[in-house]
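> A predicted structure for the sequence below; I have some questions about it.
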Amino acid sequence: MEKFFYPRSLVVIGVSVKRMNLGHIIVLNNRQKGYKGNIYGVGREGGDIAGAPIYDSVEKIPEVPDVAIIISPAQTVADFMEDCGRKGIKRIVIESGGFSEYSEGQNILEEKLLEIADRYNIRFIGPNCIGTINFDIKMMMPFGFFPISVPGGRVAMIVQSGGVGSSYLRAFGDNVIIPGKFAAIGNKLQIDEVDVFDYLLKDEKTDIITMYLEGFKRGRAFFDLARISDKPIIVQKSNRSGLTAKIAQSHTTALSADDAVVDGAFRQAAVIRAEDDIDFINAVKIIRLPLMKSRRVAVLSRSGGHAVMSVDACAKFGFTLVDFPQTFIENLKNIYNTRVIAHQNPLDLGEIFDYTIFTGILEEALKLPDVDGVLFNHLYIASYEGEMSREFLSNVGKLVKQYQKPVAMTMVSDAKELANIAGSQEYPVFTTPLMAAKALHTSATYYEEKTARDARGSAIQSSVDLAAIDKIKDRCKTQKRIPLTDEALQIAEATGIECVAGVTVKSAKEAGDVLLHFPVAVKLLSRDSSHKSDVGGVRLNIKNHRELKKAISGMKKALKEITPRPSVDGFLIQEMSAEGVECFAGGRQDPVFGPIVIAGLGGIFLEIFKDTAIRLAPVTKSEALDMLKNLQSYPVLQGARGKKKADIEAFADVICQVSQLLAKATDIAEIDLNPVIVHEQGKGVSIVDSRVFFK
C-alpha cells in the first residue's frame, strides 16, 4: 500500500490535452497543488498540461511510474491495464466506472482485470473510485478540485463512495479537522477496506481512522484488525435496510440481520459507529480530546434554559450529574461574588460577564475527582464577545490538556459566527446541548468498550465431538431432511451442553414403558415441521403414563387433520424442567463475518420483543456476560419485581459453548436453543429444545 500513498511518480491514462476532461483535472491538480513527484499523462495525442508531458502510449513514458491512474471508458480499461503490465507498472488505480456497479453483466470485464493483475502481479484499487490522497506530499488522485490541507494531519479516511468522501473532506475543513491520508476504494474488486485499514494501523502518521462503508468484503478480517487497534476507528456503515433479506427459516436468521451483526461486531471490537454525517464529524471532534472515563458530568451554562436542556440530554445518555462538594462552593466564592445563582449542578453562570471567571470556574470543575467531563453552554453576542470567546476557547483547550478530561463546548450565537468559529478555531465546538452530550456519550462509550475489549480474556476451549455431529449430518443428508429435535439436542450435547433428559418413542404403546420422572412433556419428531408448536406437536405437564399415551394418541389423530399432513418420525418425551426465566441462545454462519452467536430472552417473548445481543464467535466469558448486560430485559435476569436472581453465569457458559460449537463445527449453518430455562442463581440452566440446520 505504501506506493499508493507515497508514489515517486504518477501516470494518468485517459487525459485530453485540448479539453478539460477528468484525466486533465488530475494532472492539473497535482501540478498546481505542489506534488513534487514526476507526473505524466497518456492520451490520444501528445503535448503537455501545465508542464507535465503527455504521451500517446504507455510504452513511450521515459520511466516506469510507481502508480498508473486509469480514467477511460470501461471497455478500454483492460487493454490499458495490459499496457501497464508490459511496462512493469505494479500499482494501478482504476477510476473508470461502468462495471458491476451498473450491471451484473459487466462481471466479465472485472474478471478480465483480475486475470491481468494476477498475470503481471499488479495490485489495484477500484474500479469506480477516486483513489488516494496524501496531504503531506500534496499528492491527489481524485478528479475533483480540493482545497489543499496543511500537512501533518493525523486523521485518515477510507470510503467506498468518492462523493461521500469528498463531502466529508470539505466538512473536515469546515471544522478544523486536518486530514492526513484518504482512500476511496470504489467497487473493491481487489484491494478492499481491510488492505487499507491494515496499512493505516501501522502508519505512524495516523492517529484516528475513519470510514464510510456500504458493505464489508472481508468482515472477519476487518473485525480481527479492529479488535487489536489502539487507534480509534469511526465508521459510518450505510446500506442498513433489511428489505432484501431472505425469508427466515429460524429465529436466528430472523433476529440477526446483517446490520445487527455489524452492531454486535462493532461493540465487541470497540468500533465507534456514526449514524449519519453529523454524527461522523462530531465523533472525530470529540475523540481527539481526552476520553471520558466514566459518566459523571458537570454542566456549566450561561443560560438557565440551556442548562435544563443539558440535564435532559445527559439523562438521555445515562450520565450522572454529580453534587458539587462544599470545597468547590467555597472556591467559587473566592473567584466571584455570587448574588443570585445557586451553586448546584447544573451551574447557571448567567450573571457572569467576566471571561476570566469562566476559565476559573471551569478549572475548578475539572479539578474535582468525581467529574469525568464537562458540558459547557456558551451563549454570546458575536459583535461584542467574539474575540473574548475565541480566547476563552483557547484557554479551554489548555485546561483540557492539563487535566486530561473532555469539555464539550456548546456555542450558541448567530449562524455566521458559528460557521466562522467552527472553521477557524482548533478546539471542537457543538451547536446544541444534545449534540454536546451525545459527543460525550461517544467518548464514554468508546472508553467502556475498548476497556472491555482489552480485558476480554481468552475463549474457554470446550471439546466438540465432531464425529458425533458428522454422523447425524450424514444421516440427515442421506434422508434429505433437517435434524429432528432429539438429534439437535444430541448436537448440543456434543459440545458439553447438558440437555434435559429424554426418551424417544415411536408410538403411544412404547410410551407406557418409559422410565422418567413425571410430570413430562411430549414433542412431535417430524422432518416436515421444525416449529412443532405450529402443528400442535407439543404437550406439557403430563402427570402419568395413562395421560402420556392419551396425549400421543391425540396428537397423532390431530395431525391427520392437517393438510399437508406432516410425517411422524416419533415422539420425544422429556422430564419437565423446573421454573426459571425462558431465554434463547443460538447462532449461525454469517456470510460476511463467519460464525456469530446470539442470545436473549426466549420463549414467547423472543418474537414479540426481539431483545437479543449478537457477537462474533467464539466469545469469552466476559463477552457473553456483556451480551446479557446489553439486553433491555437484563433486569429480568437480575431478579426484578421481587423475583430471585437468575443463574446468569450458567447461561453465559451456554453462550460460550454454543459459540465454540459454531466456530468448530462450521457445517452447522444455524442452531437455536429455545427455550433455555435459566433457574435461580446457583441452580444452572435447563436446555429443553433445539433446532439445527446444516449447510
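Great, that's in hand. None of the values given here were measured: they were computed from a predicted structure.
> so where's the protein uncertain?
100-106, 242-257, 338-342, 529-535, 604-605 (pLDDT under 70).
> Find the residue at the geometric middle of it.
F266 (3.3 Å; C-alpha atoms, centre = their mean).
> what sits against the residue nearest to that one when sequence neighbours are not counted?
Excluding its sequence neighbours, the residue lying closest to F266 (C-beta to C-beta, 6 or more residues apart in numbering) is R273, at 5.0 Å. (Glycine included, C-beta is placed from N, CA and C.) For R273, the contacting residues are 235-237, 262-263, 266, by C-beta atoms under 8 Å, 6 or more residues apart in numbering.
> now, which of those sits nearest S458?
Checking the contacts of R273 against S458 with C-beta to C-beta, the nearest one is F266 at 21.5 Å.
> tell me the phi and psi of that closest one?
Dihedral pair for F266: phi -60, psi -40, per degrees, to the nearest 10.
> mind checking how far it is from F145?
35 Å (C-beta to C-beta, to the nearest Å).
> residues of stretch 303-316 that come out buried?
By neighbour count on 16 or more other C-beta atoms under 10 Å, the buried set for stretch 303-316 is 303, 306-307, 309-311, 313-314.
> and the contacts of R273, which of them are in helices?
262-263, 266 (DSSP state H).
> could the contacts of R273 be laid out in TSV, adding distance to F328?
Output for the contacts of R273, formatted as TSV (distance: C-beta to C-beta, whole Å):
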residue	distance to F328
V235	39
Q236	39
K237	42
V262	43
D263	39
F266	38
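> picking up where we left off before, I'd say the residue nearest to the centre of the chain and V235 touch.
Yes. Counting by C-beta atoms under 8 Å, F266 touches V235, with 7.0 Å between them.
> Now the common contact residues for the two.
272-273.
> Which parts of the stretch 51-200 of the chain are helices?
Assigned by DSSP state H, counting those that start in this stretch, the helices in the stretch 51-200 of the chain fall at 74-87, 107-120, 162-174, 193-202.
> oh sorry, the question was meant for the stretch 251-400 of the chain
Under DSSP H, counting those that start in this stretch, the stretch 251-400 of the chain gives helices at 251-255, 258-269, 277-287, 304-316, 326-335, 355-367, 382-403.
> From the rest of the structure, what touches the fourth one?
If I follow you right, that is helix 304-316. With C-beta under 8 Å, 6+ apart, helix 304-316 has contacts from 297, 299, 301, 320-321, 346-348, 350, 375, 377, 379, 410, 412, 432-434, 436-438.
> Of the residues you listed, just the buried ones, PyMOL syntax please.
Buried residues within the contacts of helix 304-316, by 16+ other C-beta under 10 Å, are selected in PyMOL with:
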select buried, resi 297+299+301+321+346+347+348+375+377+379+410+412+432+433+434+436+437+438
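> any idea how far L289 is from T442?
11 Å.
> Repeat that for H24.
42 Å.
> what do you get for V308?
Counting by C-beta to C-beta - V308 and L289 are separated by 25 Å.
> gap between stretch 268-284 and the chain center?
With C-alpha atoms, centre = their mean, to the nearest Å as the basis, stretch 268-284 stands 9 Å off its chain's centre.
> if we can go back for a sec, who has more neighbours out of T442 and L289?
T442 (26 against 21; other C-beta atoms under 10 Å).
> Same question for the helix or strand that the more buried one is a member of: list its buried residues.
Per DSSP states H and E: T442 is located in helix 433-454. Using 16+ other C-beta under 10 Å as the burial criterion, the residues of helix 433-454 that qualify are 433-450, 452-453.
> how much distance is there from the next helix or strand after it to the middle of the chain?
Note on helix 433-454: by DSSP H and E, the next helix or strand toward the C-terminus is helix 466-479. In terms of C-alpha atoms, centre = their mean, the centre of helix 466-479 is found 36 Å from the chain centre.
> what packs against helix 466-479?
Using 3 or more C-beta pairs under 8 Å, 6 or more residues apart in numbering; DSSP states H and E, the elements in contact with helix 466-479 are helix 485-493, strand 690-694.
> With distance to V514 as extra columns, can I get the ones you listed in JSON lines?
Converted to JSON lines, the helices and strands packed on helix 466-479 look like this (distance: least, C-beta to C-beta, whole Å):
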{"stretch": "helix 485-493", "distance to V514": "13"}
{"stretch": "strand 690-694", "distance to V514": "20"}
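> Make TSV out of these and add mean neighbour count and distance to F358.
TSV is the format used below for those (neighbours: other C-beta atoms under 10 Å; distance: least, C-beta to C-beta, whole Å):
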stretch	mean neighbour count	distance to F358
helix 485-493	22	62
strand 690-694	23	63
